[in-house]
Structures are given as structure tokens and as C-alpha cells.
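Asks: return a 3D structure for these sequence lines:
(chains A, B, C and D)
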Protein chains: 2
Amino acid sequence: MKISKTLTDIVYLKIRDDIVHAVLKPGSKLKIEPLRKRYDIGSSPIREALSRLCSDGFVAIKGQQGFSVVEMTKSDLIDVTNTRILIENEALKLSIINGNDDWESSVVAAFHRLSKIEHSSADDNNQDLEKYNKIFHDSLVSACNSNTLLKFYNVLYDQHKRYRNLAREANHIKRNLHAEHADIYEAALAKDVKAVCQANENHIRKTEEVVLNFEKDEWL
Amino acid sequence: MKISKTLTDIVYLKIRDDIVHAVLKPGSKLKIEPLRKRYDIGSSPIREALSRLCSDGFVAIKGQQGFSVVEMTKSDLIDVTNTRILIENEALKLSIINGNDDWESSVVAAFHRLSKIEHSSADDNNQDLEKYNKIFHDSLVSACNSNTLLKFYNVLYDQHKRYRNLAREANHIKRNLHAEHADIYEAALAKDVKAVCQANENHIRKTEEVVLNFEKDEWL
DNA sequence: TGTGAATTAATTTGATATAATACTTATCAT
DNA sequence: ATGATAAGTATTATATCAAATTAATTCACA
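Replies: Okay, the predicted model is just below:
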């Protein structure tokens, strides 16, 4: 059997990525014809990708009035933050309870890899930071044994990432990401559920704290 | 401005309903041509509706091999049950904390309406039971003030309903649904968060209990 | 303001191209 | 000769495109 990604799959990931990185701006209309040109494909794959993104919560649809990027608002940030903490902490808890030695070593490996990137001070390493940050968080919840939690976790991770990208650009507060990750890491290896959840909540709430204190002109 | 539902919207709800009621069987392939005939529309609205259902977790897609109804399995039932309890209990908690008098009276009204149906012993009232059951549960969580939780709640409610329909048909255990609802209702009005969560968990776990004890031939 | 043509854009259809599956036939080792 | 496997062919179904339809929006004019 041949392996083959469909155009819909490809454009789904591209549009999702462009929304998360605010290349496609919150609230902006997603007209089919411009998207066709932008991604150089027909309207069907575009529409199918947008349909999936609707259920994921990145795109809104209004009957007969087309698609648009969902807005970013303070109340949405609060909602996404709280729900992400609920979901991710539950997944962390289960992962610690169920995790075997393979899980543990995958966490060790991911933390080590991420730490290296965090300490390197190259200017163009944001791509890598994003990538290995996700791999680290993925490894932590990977033993939770719940497809539903993992699905919600992935959606909320990227929804939250939209706000994180805002916070990073503004970059008021000096943030020690490595220390935050180390807190989670230590507690996870110690299998201390309560401490992991606390560290993870602190980590997630940092973004909320920064972005909620934005001045008007820093907000979109 | 005119109000107008798109064909995609309509067929999305129909297919979702047919999956929840096992008219479209778990694991079965969802070929476009038969669905076209069944719902009497073109392929695009069908494919867009199926794309949304993918992200909702009712439909699976494999690149170049089309759509299919997601399987029902014991491990999925356990997963959906646990996650639904997590989400719905959180929503209940927030609803009780935030709920004002309007919320309270909407709960009273919904409970009263549901009770009437539960006590009537007409044979063809399953449609109505489903409807007012949902309205009652909706009213309980309606003041939670979290769109994300409500979205997840709605998805999990229907995913769980697939199993509930199995349980209802088999109907081994005599189940006093009214008493279960009354427990939730009393605790909600008393604003007793802990009791509401316990009553809601009991309610949800009844289905799990029944279905997990099925013999092989009762399972799909 | 309100009404109605003109324009733009969304939705839907039907047709085409491409990939997966089923089926047939041919090949080879035992 | 027989059974297993591979290669090629026919069939079916998916994914995609492009055109047609229908609804929403804009704009001119009353």
C-alpha cells in the first residue's frame, strides 16, 4: 500500500499553523478565492480543511456567510487557560500513575533535548524551541491512556499557543522558561502528582498573566 | 438579512444523529455515493459534514481511503465516561458558583418538564425523553461561563449517548432514571457542589456498568 | 432612508483524475 | 500437477477541480 497525504491534510496543517502564528489574523474573513491562490489548490480541499478547523475551534462558520478566524479575546484567553489546566493536569496525573520505564526515559530524553535548545542563544531557534517544547509536553502526557484527553490537549495546546506567541513578541517580563520546565520535570520524575499539577499550572498561567496586562495597543 | 441553513449544516446533524443512534454502524465505511443517495445531495456537503464529524470524534478518516464511523469499544467507553465526568463535573461546579436566579429557575423548569415525561408511560416517548433529558442537563451546566467546556460537554454527551442507546435496548438492570435526575437536581438547588458531582458521576457510570457487563452477543 | 439592480462571494453540483481494491492470469518452486 | 506468490488489469471509490447556482453585499438612485 502506498502512503499518500491528501491535499486536504496538507492545507489543514498549513492553515492551522497560519492561524496559530497569526499570519491569518483573528477575526479576519477566510474567503475561498484568496485561499485558493495562496495555497494553490481548488476550493474543495480548502473547504474541507476549514470544516475540520471549525470543530477544532480555530475557525468560525456562519451559514451562507463563509468562514472566519475565531477572535482572540481576554475572556477566551481565560477560558482556554482554565480548561487547558483542567485537561492537561488530568492527563499528567494519569500519565504518572500509568507511566512505565519507557515513559520515564522518553520524558528524560525530551527534557534533555529541550534544555539544549533553551541554553543555546541562537537567534533563529524559535522554530526548534516550539518543536521541542511540544515534544516535551507530549512526552509528559503520553502515558495517560486516554485518546479523548489527548485530543482535547492538542487542540487547547495550539489555541493557547496563539496567546503565547503574542506574549513572546511583547516580551515584557523576563521569563525563565527553562526553570519552569525543570519544575515540571523534577516533579514528574518524582511521581509527585500534586507538585506536577502545580508546576504545570504556574507554567500555563504565566502567559495569561502577561497577556491580560497588555496595554490596548499591544492587543490585536 | 435572510436566515438560511446550508445543506452541509443539515446533513451534518442528520449524519451525527444517525451515528449516535447506530443507524450508521460503528466501524462501517461511509462511502460517498451511498450517502449521496441516502440524503439526496451532492458530494461536497457530505464531505464537509464528514470533515467536521472527524474533528468531533464521530468519524475517522484515513488518507485516500475515505471515511468511516468510529468503532465502539470497551476501552473507548471507559475513556468517554471518565472524560465526560471530568468535563461535566467541572461545568456543574462553575455553574453552581456563577448561577444566578435565572439559571436556578431554568433548572427548575427543565426538571419539571423532564419529570412529567418520565412519569408518563407512553411507549413512543423515547424521542421526547431524549430531548428533555438533554435540556435538563444543558440547563444545569448553562451558567458555567466557558464555551470550551460546553463544546467538549456537547461532544462527549453524544459520544456517551451511543453507549446509552445500547444499554437502553438491552435493559437488564431496572434503572430509576427519575431518581438519578432528582439526586442531581436536589443537590444543584442546594448549591452543594460535592453532592452534585457525586450524583452526576453515579448517573453517568450506570451506563458504563451495564454495558461493560454485556455478554458478547449483546455487544455490537 | 429605502429600493432594486449589479457585484461579489458562498455553496453546491457534476465531471475528471488519481489512488486503492478486487480480480485474473502468469510464473515459479516443490 | 499443485499451491503459492507475483504482476498486471479491471473495477471501484476517493479526492480534486471547474462550472453553475444561489445567497449576501454593495452601490446607485429615488
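
Asks: which helices and strands does whichever strand or helix holds A:H181 pack with?
Replies: Assessed by DSSP states H and E, A:H181 sits inside helix A:177-189. Contact analysis of helix A:177-189 by 3 or more C-beta pairs under 8 Å, 6 or more residues apart in numbering or on different chains; DSSP states H and E lists helix A:101-119, helix A:126-141, helix A:193-212 as its packing neighbours. For every residue, glycine as well, the C-beta is placed using N, CA and C.

Asks: for those helices, which one sits closest to DNA strand C?
Replies: Distances from DNA strand C to each of the helices and strands packed on helix A:177-189 were compared using C-beta to the nearest atom of the strand; the minimum, 27.1 Å, belongs to helix A:126-141.

Asks: can you tell if that closest one touches chain B?
Replies: No. Residues of helix A:126-141 contacting chain B under C-beta under 8 Å from any C-beta of the partner chain: none, with a closest distance of 13.4 Å.

Asks: that helix: what's the following helix or strand?
Replies: Once helix A:126-141 ends, the next helix or strand along the chain (criterion: DSSP H and E) is helix A:147-170.

Asks: so where's chain A uncertain?
Replies: Counting by pLDDT under 70, the ranges of chain A that qualify are A:1-4, A:122-123, A:172-173.

Asks: and the residue of it closest to chain B?
Replies: Among all residues of chain A, A:S55 sits closest to chain B, at 3.3 Å; criterion: C-beta to the nearest C-beta.

Asks: can you verify my assumption that that residue contacts B:R52?
Replies: Yes. Counting by C-beta atoms under 8 Å, B:R52 is a contact partner of A:S55 at 4.7 Å.

Asks: out of the two, which sits in the busier spot?
Replies: Looking at A:S55 and B:R52 with other C-beta atoms under 10 Å in any protein chain shown, you find the greater number of neighbours at B:R52, namely 24 against 21.

Asks: next up, the contacts around that one.
Replies: Counting by C-beta atoms under 8 Å, 6 or more residues apart in numbering or on different chains, B:R52 makes contact with A:51-52, A:54-55, B:12.

Asks: among these, which two are most distant?
Replies: Within the contacts of B:R52, two members stand farthest from each other by C-beta to C-beta: A:R52 and B:Y12, at 12.3 Å.

Asks: how's chain A carved up into domains?
Replies: A:7-69, A:74-218 (automatic domain parsing).

Asks: so which of those is nearest DNA strand D?
Replies: Shortest distance between DNA strand D and the domains of chain A, using C-beta to the nearest atom of the strand, is found for domain A:7-69: 2.6 Å.

Asks: so how far is that closest one from its chain's centroid?
Replies: When C-alpha coordinates are averaged (C-alpha atoms, centre = their mean, to the nearest Å), domain A:7-69 and its chain have centres 18 Å apart.

Asks: again with stretch A:6-25
Replies: Distance of stretch A:6-25 from the chain centroid (C-alpha atoms, centre = their mean) equals 13 Å.

Asks: who touches it?
Replies: When contacts are taken as C-beta under 8 Å, 6+ apart, the neighbours of stretch A:6-25 outside the stretch itself are A:30, A:35, A:39, A:41, A:44-46, A:48-50, A:52-53, A:56, A:58-59, A:69, A:158, A:161-162, A:165-166, A:220, B:51, B:63-64.

Asks: with stretch A:73-82 instead?
Replies: Outside of stretch A:73-82, the residues that reach it under the criterion C-beta under 8 Å, 6+ apart are A:70, A:156, A:159-160, A:163, A:204-205, A:207-208, A:211-212, B:146-149.

Asks: go again using 7 Å as the cut-off
Replies: For stretch A:73-82, the surrounding residues in contact (C-beta atoms under 7 Å, 6 or more residues apart in numbering or on different chains) are A:156, A:159-160, A:163, A:204-205, A:208, A:211-212, B:146-148.

Asks: got the buried residues for that stretch?
Replies: Applying a neighbour-count criterion of 16 or more other C-beta atoms under 10 Å in any protein chain shown, one finds A:76-77, A:79-82 buried in stretch A:73-82.

Asks: what about these, which are in helices?
Replies: Mapping the buried residues of stretch A:73-82 onto helices (DSSP state H) picks out A:76-77, A:79-82.

Asks: what parts of chain A come near DNA strand D?
Replies: Counting by C-beta under 7 Å from any atom of the strand, the residues of chain A close to DNA strand D are A:6-8, A:41-45, A:48, A:63-65.

Asks: ok, now with 6 Å
Replies: Contact residues (C-beta under 6 Å from any atom of the strand) of chain A with DNA strand D: A:6-8, A:41-45, A:64-65.

Asks: most neighbours of all these, which one?
Replies: A:T8 (22 neighbours).

Asks: related to what we said a few turns ago, TSV please, covering the helices and strands packed on helix A:177-189 and showing mean neighbour count and distance to DNA strand C.
Replies: As requested, these are exported to TSV (neighbours: other C-beta atoms under 10 Å in any protein chain shown; distance: least, C-beta to the nearest atom of the strand, whole Å):
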stretch	mean neighbour count	distance to DNA strand C
helix A:101-119	16	30
helix A:126-141	18	27
helix A:193-212	18	29
